[in-house]
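Colleague: model this:
(2 chains)
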Amino acid sequence: MDIQAIRRDFPILKRQINGYPLIYFDNAATTQKPHQVIDAVTDFYENHNGNVHRAVHTLSLEATELYEKSREEIAKFINAREPSELVFVRGTTEAINLVAYSWGVSNLAKGDEVLLSLMEHHANIVPWEITSKIKGFTIKYANVKPDGTLDYEDFDAKITSKTKIACLSHVSNVTGVINDVKRITKTAHDHGALMLVDGAQSVPHLSVDVQDLGMDFLAFSGHKMLGPTGIGVFYGKKEVLKQMPPFMGGGEMIKEVSYSQGKGQCSISWNDLPWKYEAGTPNIGGAIGLAVAVRYLESLGMDNVLTHEKALTKYAIERMNECPSVSIYGSSNFSNKLGIIPFGLKGFSSHEAAAAFNEYGIMMRSGFHCAQPLHEVFRLESSARASFYIYNTEAEIDRFIEVIREFDQS
Amino acid sequence: MSTVADYVARIEGTCGAESDVIVVFKYEKKDEAIANILKKAQIKNKIAGIIFELTFEGMSFRLYTSGKAIFRGVKNRQELIDFLVRLLI
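Modeller: Numbering: from 1, shown residues only, chains lettered A, B, ... in the order given. Model (predicted):
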């Protein structure tokens, strides 16, 4: 990949922060947007804006065409069998809530179990904790080893015939550790359970083939993969989606709402997939922008994206290990890890460290990263987190190390 | 008479067990806020020339020249605001 050519596509990378060139190492939180995505969203609002599926006028038809083509393109990107398996949502959080409230509330009861892990983002914990209070099912958590990898033996021990669904991250948003989703999915299916994968940190960074991996549900967010905020994807196997009730009610998700004078009631029939799960006017511009982001990533090649990130991660860990004041948390096994490095800096809380790097134009995250249970496993009060993407360079990592050395000398 | 609101744009809690609180100064008042703080607080250390480790009334905190301060272990936001009144005004 020609990183300098890629960088020229991202207008924001020309910015200076506090007098220094912007170094953006907060990609696990959100990524920057290439002008191709920005232009596509602008073009939609300037030239094609209309509501989808609602009217016969030109703008509505153009908007519908662009929206549905976007769905087709993204469905191909994850190798879904057909576009109707792909529902547009606001993001990963909404997708997981959709499963918890739609599938979970109608299929789970007292005595049933849901299996999560201790490395989950709060978005894959809280919806299940809320719905367990409604339905009375039990939640179990598979352990995480001290290096941040999933304890597969514990996962295998905790999955039983009572387990109705297993819900795990493909890649940890704190450590970047990649879970063996194919193996976990097979184990879940062998026990008669469904498998939900939180793909927020995997789909943007590596090739995800839903047919090969076999999961029943996949959730991911557009803004973490060069797309706009407020758009994400919920993938579900058609046969499972067909059996689930709708998540939210409103326009678009119904075929008919017919009032019977005799009964004094409305009878309602649901729309076909995927629109049954898309109540109200969707984020049309966001979906179009996300499809352009997908096109951008495909033009680079997902294998190249992964190779670049792994090389950067290896380089960053080696350079950070040169600094005695830096403690890297979790696994340093490059083969099983994406470009996310949680760390501590001696003499700084994580927030003090992130604020200090910001003085030099280096943006990174601090805190729990919405994964407090994993920090409790690591016995950490919080962590700073550097996370990389396609436009980051070794030179930026060198600058990051220089800044750490300046702190060390003070 | 100036108030804390004249200088402070936002006070943000952070996630993490440390209970750090970040005070972000208004861009147009940050230089004045920093000057006021440096007049009153004692400098314990200066990191890389741009971050001050300070103490005032027994409380340690860090001041960043881009316009923010981080206070560790804040239990009570009103106590912090009262502290900022004494520190800034």
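Colleague: only C-alpha atoms for contact and neighbour calcs from this point on.
Modeller: Fine.
Colleague: quickly list what the residue most central in space within chain B is bridged to.
Modeller: The residue lying closest to the centre of chain B (C-alpha atoms, centre = their mean) is residue B:69, at 3.8 Å. Beta-bridge partners for residue B:69, by DSSP bridges, are residue B:23, residue B:63.
Colleague: quick one, what contacts it?
Modeller: By C-alpha atoms under 8 Å, 6 or more residues apart in numbering or on different chains, the residues touching residue B:69 are B:22-24, B:61-63.
Colleague: now name the helix or strand holding residue A:239.
Modeller: Assigned by DSSP states H and E, residue A:239 falls within helix A:238-243.
Colleague: any idea how far residue A:256 is from the residue of chain A most remote from its centre?
Modeller: For chain A, the largest distance from the centre (C-alpha atoms, centre = their mean) belongs to residue A:262, which lies 48.4 Å off. From residue A:262 over to residue A:256 the distance is 18 Å, taken as C-alpha to C-alpha, to the nearest Å.
Colleague: could you do residue A:301 as well?
Modeller: According to C-alpha to C-alpha, residue A:301 stands 43 Å off from residue A:256.
Colleague: likewise for residue A:32?
Modeller: 41 Å.
Colleague: out of those two, which sits in the busier spot?
Modeller: residue A:32 (20 against 14; other C-alpha atoms under 10 Å in any protein chain shown).
Colleague: isn't the more buried one up against residue A:226?
Modeller: Yes: using C-alpha atoms under 8 Å, residue A:32 is in contact with residue A:226, at 5.8 Å.
Colleague: that older thread, what helix or strand is the residue farthest from the centre of chain A located in?
Modeller: Going by DSSP H and E, residue A:262 is not part of any helix or strand.
Colleague: and residue 88, what does it touch?
Modeller: Picked chain A for this. By C-alpha under 8 Å, 6+ apart, the contact set of residue A:88 is A:71, A:231-234, A:278, A:282, A:287.
Colleague: that answer is for a different chain, and I need it for chain B
Modeller: Residue B:88 sits in contact with B:4, B:33, B:36-37, where contact means C-alpha under 8 Å, 6+ apart.
Colleague: among the residues you listed, who's most crowded?
Modeller: In the contacts of residue B:88, the most neighbours by other C-alpha under 10 Å go to residue B:33, 23 neighbours.
Colleague: next, that residue: secondary structure please.
Modeller: helix (DSSP: H, G, I helix; E, B strand; the rest coil).
Colleague: any idea how far residue B:17 is from the residue in the stretch 201-350 of chain A that chain B sits nearest to?
Modeller: Closest residue of the stretch 201-350 of chain A to chain B, C-alpha to the nearest C-alpha: residue A:349 (7.7 Å). Counting by C-alpha to C-alpha, the gap from residue A:349 to residue B:17 is 10 Å.
Colleague: okay, and the common contacts of the two?
Modeller: residue A:382.
Colleague: which single residue of the stretch 101-250 of chain A ends up nearest chain B?
Modeller: Closest point on the stretch 101-250 of chain A to chain B, by C-alpha to the nearest C-alpha, is residue A:122, at 12.6 Å.
Colleague: so between residue A:349 and residue B:17, which is more surrounded?
Modeller: Applying other C-alpha under 10 Å to residue A:349 and residue B:17 shows that residue A:349 carries more neighbours, namely 22 against 15.
Colleague: neighbours of the closest residue to residue B:17 other than its chain neighbours, how many?
Modeller: Of all residues not flanking residue B:17 in the chain, residue A:381 sits nearest, at 4.6 Å (C-alpha to C-alpha, 6 or more residues apart in numbering or on different chains). Look at residue A:381: counted by other C-alpha under 10 Å, it has 17 neighbours.
Colleague: surely residue A:381 touches residue A:372?
Modeller: No: with contact defined as C-alpha under 8 Å, residue A:381 does not reach residue A:372; the gap is 9.0 Å.
Colleague: what sits in contact with each of the two?
Modeller: residue B:16.
Colleague: helix or strand for the nearest residue to residue A:397 once chain neighbours are set aside, which one?
Modeller: Nearest residue to residue A:397 in three dimensions, chain neighbours excluded: residue A:316, at 6.2 Å (C-alpha to C-alpha, 6+ apart). Per DSSP H and E, residue A:316 falls inside helix A:302-320.
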